[in-house]
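**Student:** Below are the sequence and a predicted model; questions follow.
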Amino acid sequence: VARSSVTRTQRPGVTSEISTTIGNHYLKAGVWYERAQHRQTQPAVQFNADGSPSDKWLREGCIQRVDGSCYEGRDWKTVSTSYQVYFNDQISFMGDRGLLSLGVRLPTVSRDVTSFASEAAIRSYASATATTFTNVNQGYQIKRNFHEALPQIGVRFNLDARQQVFANVAKNFRAPANFAFTGANVRFVGGVIQPIQDIKAETSIMTDVGYRFQSRAISLSATVFNVDYKNRQATAFDPVNNVSSNINAGRVNNKGLELEVGTGVYKGFSGYASFTAQKSKSKDDIVVGKTGTGATTGITAVTALCLALKPRQSREGETVRQAWRRRLAMFTGPGAIWMAFALVLLLGTLLAGSKAGSTSLALSLLAMAFIYTRGVRRILALFLTLVLMGAAVLALPSARELIVRFINFATYGDESRQVLYSMTLQAIALRPMTGWGLNSFSSVYQMLQFLADDAKTDWSIGQDFCYLMSYRLGSRGRRDRGAAAAS
């Protein structure tokens, strides 16, 4: 079948403004209102004998369901209601050579997203701690409101008739798009729809300082800018859960330099050139899953514990008091530092509720008990280690989640990890010597994955696709072709 996305948008709105001049003040106040309705569908039609769609505009001859309604790969209706009150005061000074602008905006954005039942499946989990899911074709509705106060100040000054300097500081705001509440960005938990991450509005403080020169022959400008983002909106791919979702990436800083130069008109032609140098830095880590360092943390905790409790040989003829003093000496100096480090890691591993972390911690403690003791003491140490680990797990807040995760893993397995490991082996087989380069796993994984229910993959098709793509990775446009093939 042939299918494509169809979007119909209506955006009626109104703007009302009043302005007046009082002395050297030019005052403006107004209100802006808009109610946009987006209808986003994805119908499908059959192909003709020559391979062309029966209707390339997807208006007639749609593939129908049993009840006579049209197939829809997506069926969303979004009503975005936005309004903004603003005020601005422009103050001229020094005989109109300078202008100071003060203002504030108060925007409010409301997202009302309705997803009607369609052929697009949504993951449904029995509880927030469940690791297995079923795909459901169920409708839902999500409403969110966003608002912010946005002050701004700017000044410009004319050095002479040709030269000008300027500086501006303004706060900006961006509400999450409707995509943050659809598709892979949402899931059912206990029958209730929930965003995977409740996206917050992105805000930024933008500062720019610059210089302009303009004459008949040439015009140029130079601007230094700095933008500090908060709750930066981004898309992150989680290879464990096999989804890409909208997230808040935290704080991001953008700074740089912009240069522009243009010429006057000469015989009907003019020239223009620009240059931008920019540096972007993410100040916060992006969390896309709960897995990653659990296993290594558990092993590291026991390593620190071994360094703190280094066996010390007993001295011949020492008394019981001397033996206890020797044992207590292990908790002073470097031993105390290692012990504190071990306790922090031990507690963190247990509180995290990680299957890999808890398993590696238990095995490492058992190995430590086996190596540090002999004879009857060894049996007693191994028994006490198991009892203490069980008591610690049951006593901590993450006990229920950890037990449920172990039961689910033992009962149902972990298909998403199996697919992950299998694809990793596929990628290694394609390039066993040269590899794919640093930090390339996410993009390679997306290239190798295929759309299938419940994260299952048809490897007979997958292998052919992998080998085909291995010849295309070095060519231009590979990202477009890879994305098209994977979708």
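**Tutor:** Arrived safely.

**Student:** Contact partners for Arg156?
**Tutor:** Arg156 makes contacts with 98-99, 164-167, as judged by CB atoms under 8 Å, 6 or more residues apart in numbering. Where you see a C-beta, it was placed from the backbone N, CA and C, and this is true even at glycine.

**Student:** Give me the phi and psi for it.
**Tutor:** Arg156 adopts backbone torsions of phi -140, psi 150, taken as degrees, to the nearest 10.

**Student:** Against Ser221, how distant is the nearest residue to it once chain neighbours are set aside?
**Tutor:** Once flanking residues are discounted, Arg156 sits nearest to Phe166: 4.0 Å by CB to CB, 6 or more residues apart in numbering. For Phe166, the distance to Ser221 equals 9 Å [CB to CB, to the nearest Å].

**Student:** shared neighbours, these two?
**Tutor:** 210-212.

**Student:** on that earlier part again, can you list the contacts of Arg156 in JSON lines and add pLDDT and distance to Gly390?
**Tutor:** Converted to JSON lines, these look like this (pLDDT from 0 to 100; distance: CB to CB, whole Å):
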{"residue": "Gly98", "pLDDT": "95", "distance to Gly390": "75"}
{"residue": "Leu99", "pLDDT": "96", "distance to Gly390": "73"}
{"residue": "Gln164", "pLDDT": "96", "distance to Gly390": "74"}
{"residue": "Val165", "pLDDT": "97", "distance to Gly390": "71"}
{"residue": "Phe166", "pLDDT": "97", "distance to Gly390": "68"}
{"residue": "Ala167", "pLDDT": "97", "distance to Gly390": "64"}
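
**Student:** Those in strands, which ones?
**Tutor:** Within these, residues falling in strands by DSSP state E are 98-99, 164-167.

**Student:** and those residues as JSON lines, adding distance to Gln152 and neighbour count?
**Tutor:** Formatted as JSON lines, the ones in strands among the contacts of Arg156 follow (distance: CB to CB, whole Å; neighbours: other CB atoms under 10 Å):
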{"residue": "Gly98", "distance to Gln152": "17", "neighbour count": "15"}
{"residue": "Leu99", "distance to Gln152": "14", "neighbour count": "18"}
{"residue": "Gln164", "distance to Gln152": "19", "neighbour count": "18"}
{"residue": "Val165", "distance to Gln152": "18", "neighbour count": "14"}
{"residue": "Phe166", "distance to Gln152": "13", "neighbour count": "17"}
{"residue": "Ala167", "distance to Gln152": "12", "neighbour count": "14"}
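
**Student:** Can you add distance to Pro43 and give those back as JSON lines?
**Tutor:** Shown next, in JSON lines, are the ones in strands among the contacts of Arg156 (distance: CB to CB, whole Å):
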{"residue": "Gly98", "distance to Pro43": "59"}
{"residue": "Leu99", "distance to Pro43": "54"}
{"residue": "Gln164", "distance to Pro43": "54"}
{"residue": "Val165", "distance to Pro43": "56"}
{"residue": "Phe166", "distance to Pro43": "51"}
{"residue": "Ala167", "distance to Pro43": "52"}
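
**Student:** ok, Tyr83 touching Arg105?
**Tutor:** No. The pair Tyr83 / Arg105 is not scored as a contact, 11.0 Å apart, by CB atoms under 8 Å.

**Student:** Only C-alpha atoms, please: export stretch 41-52 in CSV.
**Tutor:** Extracted C-alpha coordinates of stretch 41-52, given in CSV (Å, rounded to 0.1, in the frame of the first residue of the first chain):
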residue,chain,number,x,y,z
THR,A,41,-3.9,11.8,9.6
GLN,A,42,-2.1,9.1,7.6
PRO,A,43,-4.4,7.3,5.2
ALA,A,44,-3.4,4.6,2.7
VAL,A,45,-4.3,3.6,-0.8
GLN,A,46,-3.6,0.8,-3.2
PHE,A,47,-1.0,0.8,-6.0
ASN,A,48,-2.0,0.7,-9.6
ALA,A,49,-0.6,-1.9,-12.0
ASP,A,50,2.2,0.5,-13.0
GLY,A,51,3.3,0.9,-9.4
SER,A,52,1.8,4.4,-8.9
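
**Student:** contacts for it?
**Tutor:** Counting by CB under 8 Å, 6+ apart, 1-6, 53-55, 58, 60-63, 70-76, 118, 120 sit against stretch 41-52.

**Student:** hmm, 7 Å instead?
**Tutor:** Applying CB atoms under 7 Å, 6 or more residues apart in numbering, the contact partners of stretch 41-52 are 1-6, 53-55, 58, 61-63, 70-75.

**Student:** how about the helices in the chain?
**Tutor:** 294-308, 320-328, 334-352, 355-372, 375-395, 399-412, 415-430, 441-448, 459-470, 478-486 (DSSP state H).

**Student:** ok, Pro12 touching Ala36?
**Tutor:** No. If you go by CB atoms under 7 Å, Pro12 and Ala36 don't touch, sitting 8.1 Å apart.

**Student:** quick one, which of the two is more surrounded?
**Tutor:** Ala36 (15 against 9; other CB atoms under 10 Å).

**Student:** for that one, what are its contacts?
**Tutor:** 9-11, 80.

**Student:** Where does pLDDT dip in the stretch 151-300 of the chain?
**Tutor:** Low-confidence regions of the stretch 151-300 of the chain, defined by pLDDT under 70, span residues 237-244, 286-300.

**Student:** One more pass at 50, please.
**Tutor:** The stretch 151-300 of the chain contains residues with pLDDT under 50 at 289-292.

**Student:** so where do the strands sit in it?
**Tutor:** Counting by DSSP state E, counting those that start in this stretch, one finds strands in the stretch 151-300 of the chain at the ranges 163-174, 186-189, 192-195, 202-214, 218-230, 233-238, 243-248, 252-263, 272-282.
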